[in-house]
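Engineer: After the sequence you'll find the predicted model.
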Amino acid sequence: MSRVTRFAARDPGPAARLAGFMAHLRTHGFRLGVGETETALRALDAAGAVQPDAVRMALKAVCAGCAQDVARFDDLFDSFWRNGGRVRQKVMPDRAAAPKHTRTSRTAEGQDSGAGGSPHAPESGKEGEAASEGEGRLVASRVRNLMKTDLREVVGPEDIREAEAVARRLGEAIRDRRSRRRRAARKGTMIDMRRTLRASLATGGEPLRLARRTRPDRPMKIVALCDVSGSMVVYARPFLAFLAGLMRADAAADAYLFHTRLVRITEALRDDDPLRALNRITLLADGFGGGSRIGGALDEFARGQARRFVNGRTVVMILSDGYDSAAPGGVGDALARLKKRGCRVIWLNPLKGWTGYAPVAQAMAAALPHLDLFAAANTLADLAALDRELARI
Amino acid sequence: MSDWETLRDDLARQGYVAQPDLAMALHIAVVLGRPILLEGAAGVGKTEVARALAQARGTELIRLQCYEGLDAAQAIYEWNYQRQLLAIRAAAEDGQTGRAVEQRIFSEEFLLERPLLRAIRRPVAPVLLIDEIDRADEEFEAYLLEVLSDFQITVPELGTIRAVTRPIVVLTANGTRDLSDALRRRCIYAHVDYPDRETELAILRARLPQIEDAFGRQIVGFVQALRREDLEKKPGVAEMLDFAAALAGLGVNDLTDDPVRLQATLATLLKTQSDRGQVPTEVAQRLAGKAA
């Protein structure tokens, strides 16, 4: 093991160094607040730590919060405390090492790979001049033509109305999930002893009125992630209409678009005017029709927004064809991470409707073991027909 | 010797061989009065930590097993309805009614303590084990946070009950579901991994001293090799001990001696059909040969 770091002479003391170490961990994605620094100081005191290894273990117990943190802690500890180099060098975040926040929404990657092209201005969008001239176009010219159009042309108001009805139906199919908890109710299978007894006091101990408890239905929340990469553009119409309808039908639902990055479009889709909503998405979805990074986008979602919006009562709906330009392992890992939040994952693949389709796209194959439902959908009618399947998952 | 090493030795005397970082985390949690969250695969001895800690400190172990839908009536307190009904009847015969009866039946006497309430009312701080917290739902996790920060519980009929002593709280999780950041932040964290060869050997010696050293080495080597195979459910420490006990019971003292018996005792290690299929006689013999 290398030498102990030589700190600058004007360094104020151990407490400040520890604060520096906490900052060092923070830049490497640990979620630590001021409270943890204080706890760490107290822990060092409690551990009576004078041996380097004892210090290491004590700080690890306080600072690490999950298995990945534990795995990375030793290296970070060494780089700060046990390196011959100067401190300053160590505190600098290392861009090459890609400080990946293990538990935050801020991922370093995903910012740098946005497709080229100028912002999509809605006024000029009609003739398609402002569409991205992006790289990696996979689809034929007809598709490209479509791609150049404003989303308002892709999806009409009547589509949205229709989709709203479909989304409402699906929502109802998923909605009711029996809770295992019980709650007071007028009609129920179990007697609520506590309330019954209390009421019986008024009637001299005779339980005349029986209070009951039941298992309430808890609403399930739908989170939809829609792939709008090049290969998916032809299916954009039903899917975007569906998302728009879903947002209007269900106040708890959440929607995202992804191509090379992930964009939350929930707020935009809730706009009162459906067409203005689509317009806002057009602006957000810069890079529409570009390459796809399914694994990256799902991973970004699982690490970021999912922490806030996905729990055991969520159905995550992925609308994608599974053609990923990145390594296929990412999709499986991201879905495994997502599943840990306790949600159900369904994947609607427009290609599955084709005869003779097999999920051979590597990303799709990697995803399959993690899915609760894998179904075909390329029109609104297909989506509407899903309600029975959804009721089962 | 520093304090955390003393704790490690105390645990060892209870038959629990803790790896140094776990002992350190436990020590810090105890001294700072913070809950400790133990995470790791099933069968690495997370629950066992709490038992050994309670024995080492000579206190009671209070266990709360979590499951989906766990609610206040099972986790905190419940009124003893049968006794309450009887008391109402008795009071009616004595001619008492109204407030007097109400006060009586909603008193301590009729309160059934469940683990959380019991843990904060012991005169000597117990070890409170909240097992498999990731199985409970989010509502319970949120409630637990409140109890763990204030150590007080409010019963509407009785008022707020404050902790007499602060229990040592041990939470375990094996990753069924992600825990909230709030809970993680409140806890001292230790990741419990499968023990390394030497630690596992020490565990085997502590629990089954009758097994000879060389044979013990072979058993541990075999189980460790088995964990590296592609299995659905890796054998834990408890399984290793079962395996050793089974072998000792059958009078085996070399794994390579008797392939048939070895294959039969594998039932203690491999608990699914497909895992059994993964380890046919040839594979088991190869692993056993290398383990020696």
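Structural biologist: Received it, and whenever you're ready, just let me know what you need. Fair warning: this is a prediction, and the values are worked out from it, not measured in the lab.

Engineer: When you work out contacts or count neighbours from here on, use the C-alpha atoms and nothing else.
Structural biologist: Will do.

Engineer: For A:Gly205, which non-adjacent residue is spatially closest?
Structural biologist: Spatially, and ignoring its direct neighbours in sequence, A:Gly205 is nearest to B:Ile88 (5.6 Å; CA to CA, 6 or more residues apart in numbering or on different chains).

Engineer: Show me what counts as buried in the host helix or strand of the one you found.
Structural biologist: Using DSSP states H and E, B:Ile88 falls within helix B:81-93. Using 16 or more other CA atoms under 10 Å in any protein chain shown as the test for burial, helix B:81-93 gives B:Tyr81, B:Gln84, B:Leu85, B:Ala87, B:Ile88, B:Arg89, B:Ala91.

Engineer: quick one: contacts of that helix?
Structural biologist: A:Met193, A:Arg194, A:Leu197, A:Leu201, A:Gly204, A:Gly205, B:Thr97, B:Val101, B:Ile105, B:Phe110 (CA atoms under 8 Å, 6 or more residues apart in numbering or on different chains).

Engineer: mind listing the strands in chain A by residue range?
Structural biologist: Along chain A, the stretches classed as strands by DSSP state E are A:176-178, A:183-185, A:190-191, A:212-214, A:217-219, A:221-227, A:254-258, A:262-264, A:314-319, A:344-349, A:373-376.

Engineer: For B:Arg205, list the residues it contacts.
Structural biologist: So B:Arg205 contacts B:Ile211, B:Gly216 (CA under 8 Å, 6+ apart).

Engineer: Ok, B:Glu39 next?
Structural biologist: Neighbouring residues of B:Glu39 by CA under 8 Å, 6+ apart: A:Cys66, A:Ala67, B:Lys46, B:Thr172, B:Ala173, B:Asn174, B:Gly175, B:Tyr189, B:Ala190, B:His191, B:Val192.

Engineer: ok, now B:Thr265?
Structural biologist: B:Phe243, B:Ala246, B:Leu247.

Engineer: So which of those residues sit within helices?
Structural biologist: Among those, the members found in helices (DSSP state H) are B:Phe243, B:Ala246, B:Leu247.

Engineer: Could you say which helix or strand holds the closest residue to the last one other than its chain neighbours?
Structural biologist: Spelled out, that is B:Leu247. When the adjacent residues along the chain are set aside, B:Leu247 lies closest to B:Thr265, with 6.9 Å between them (CA to CA, 6+ apart). Assigned by DSSP H and E, B:Thr265 belongs to helix B:259-265.

Engineer: of the strands of chain A, which approaches A:Ala43 most closely?
Structural biologist: Nearest of the strands of chain A to A:Ala43, taken as CA to CA: strand A:314-319 at 38.5 Å.

Engineer: so after the helix holding B:Ile88, what's the next helix or strand?
Structural biologist: Counting by DSSP H and E, what follows helix B:81-93 is helix B:99-105.

Engineer: Quick check: buried residues in that next one?
Structural biologist: Result for helix B:99-105 [16+ other CA under 10 Å]: buried residues B:Val101, B:Glu102, B:Ile105.

Engineer: now do stretch B:7-15
Structural biologist: Buried residues in stretch B:7-15 (16+ other CA under 10 Å): B:Leu7, B:Arg8, B:Asp9, B:Asp10, B:Leu11, B:Ala12, B:Gln14, B:Gly15.

Engineer: related to what we said a few turns ago, would you mind measuring from the residue nearest to B:Leu247 to chain A?
Structural biologist: Distance, B:Thr265 to chain A, by CA to the nearest CA, to the nearest Å: 32 Å.

Engineer: Show me which of the contacts of helix B:81-93 are buried.
Structural biologist: Buried among the contacts of helix B:81-93 (16+ other CA under 10 Å): A:Met193, A:Leu197, A:Leu201, A:Gly204, A:Gly205, B:Thr97, B:Val101, B:Ile105, B:Phe110.

Engineer: out of those residues, what pair is the most spread apart?
Structural biologist: It's A:Met193 and B:Thr97 that sit farthest apart of the buried ones among the contacts of helix B:81-93, by CA to CA, at 19.6 Å.

Engineer: what's the domain layout of the chain?
Structural biologist: Using chain A here. A:14-91, A:122-173+A:218-392, A:182-215 (automatic domain parsing).

Engineer: My question was about chain B, not that one.
Structural biologist: B:3-76+B:114-191, B:197-291.

Engineer: Turn those domains into TSV, columns for mean pLDDT and distance to A:Val166.
Structural biologist: Output for the domains of chain B, formatted as TSV (pLDDT from 0 to 100; distance: least, CA to CA, whole Å):
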stretch	mean pLDDT	distance to A:Val166
domain B:3-76+B:114-191	89	30
domain B:197-291	88	40
